[in-house]
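**Q** quick check, what structure comes out for this input:
(one chain, ligands or ions: 1)
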Amino acid sequence: MARRGDTPSMPPMNPVRAAVADATKGFLPAGEGAALHDAALSAPAGTWLEVGTYCGKSTVHLGAAAATVGAQVVTLDHHRGSEENQPGWEWHDPSLVDPHTGRLETLPSLRRTLWDAQLDDVVSVVVGSTQQVARWWTTPLTLLFLDGNHTEEVAQHDFAAFAGHLVPGGLLLIHDVFEHPEDGGRPPWNVFRRALYVGDYDEVGVTGSLRVLRRR
Ligand SMILES: C[S@@+](CC[C@H](N)C(=O)[O-])C[C@H]1O[C@@H](n2cnc3c(N)ncnc32)[C@H](O)[C@@H]1O
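**A** Next up, the predicted model:
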């Protein structure tokens, strides 16, 4: 199984972008961010889709790799937060509430993150639910990163809606994949298993809860 450091020729992430990623709010530990960046460097150029942006932490890792490879990143989120980000839940951040709507609002933070990381010309921001965007999305993908809603229904929807657009040789990355229930929720694990055993993917890397698969 490939791990970070296996490929000594990987170019390191630009230090300005690495500092921005570190400073950005989010749910991606540093080692998984570095692994995301390194894995993305092995994806073909073309269109990469990130499902689940939040404030853009993982977007910077993907965007930095895309700038190196010559790919374009589309990052998709409705920016109102998942269930666990709402008031009263474990992962709620009151500083991200928009007083106008009373709801979580991560779009302004994302825009500042992309500005600071100098990635405005690499990353296109799509604001909408995955259910909305799946209705019109037709672009072939060379990389798909799944880190959106972690309910079973939506996680399965997002895989079904977007993985079919991955070209042969394209990378599928899934975050928050926990084999043991005591470590985390089931839906990303179930999506990972579905991809591996029902879909035509090979697992090519794992770092923490980040799984990397390649479409045959
Ligand atoms: C785990 S966070 C993403 C974290 C991000 N990748 C990072 O590294 O910081 C999940 C995101 O999915 C978004 N989300 C939840 N359900 C969604 C849906 N149905 N459509 C679009 N985005 C959704 C939330 O707004 C939230 O920002």
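
**Q** in three-state terms, label the closest residue in space to residue 46 that isn't next to it in sequence for me.
**A** Leaving aside its chain neighbours, residue 46 sits nearest to residue 142 (3.5 Å; criterion: CB to CB, 6 or more residues apart in numbering). All C-beta atoms are positioned from the backbone trio N, CA, C, and that covers glycine. At residue 142 the chain is in strand, as set by DSSP: H, G, I helix; E, B strand; the rest coil.

**Q** number of nearby residues for residue 142?
**A** Number of residues near residue 142 (other CB atoms under 10 Å) recorded here: 22.

**Q** elements contacting whatever helix or strand residue 170 lives in?
**A** Per DSSP states H and E, residue 170 falls inside strand 166-174. Packing contacts for strand 166-174, counted by 3 or more CB pairs under 8 Å, 6 or more residues apart in numbering; DSSP states H and E, involve helix 30-40, strand 141-146, helix 187-197, strand 210-215.

**Q** can you list contacts of the last one?
**A** If you take CB atoms under 8 Å, 6 or more residues apart in numbering as the criterion, strand 210-215 is touched by 2, 32, 35-36, 39, 166-175, 177, 192, 195-196, 199-206.

**Q** so what's the closest residue to residue 173 other than its chain neighbours bridging to?
**A** In space, and not counting its chain neighbours, residue 173 is closest to residue 145: 4.5 Å by CB to CB, 6+ apart. With DSSP bridges applied, residue 145 shows beta-bridge pairing to residue 50, residue 173.

**Q** how much space between residue 145 and residue 131?
**A** 18 Å (CB to CB, to the nearest Å).

**Q** ditto for residue 58
**A** Going from residue 58 to residue 131 by CB to CB gives 21 Å.

**Q** who has more neighbours, the two?
**A** Taking other CB under 10 Å, residue 58 and residue 131 do not tie; residue 58 has more neighbours (27 against 13).

**Q** for the nearest residue to that one once chain neighbours are set aside, grab phi and psi.
**A** Excluding the flanking residues, the one nearest residue 58 by CB to CB, 6+ apart is residue 28, at 5.0 Å. Residue 28 adopts backbone torsions of phi -110, psi 110, taken as degrees, to the nearest 10.

**Q** pretty sure residue 28 sits against residue 176.
**A** No: if you go by CB atoms under 8 Å, residue 28 and residue 176 don't touch, sitting 9.6 Å apart.

**Q** name the residues contacting each of the two.
**A** residue 147.

**Q** look up how far the ligand lies from residue 37.
**A** Separation of residue 37 from the ligand (CB to the nearest ligand atom, to the nearest Å): 12 Å.
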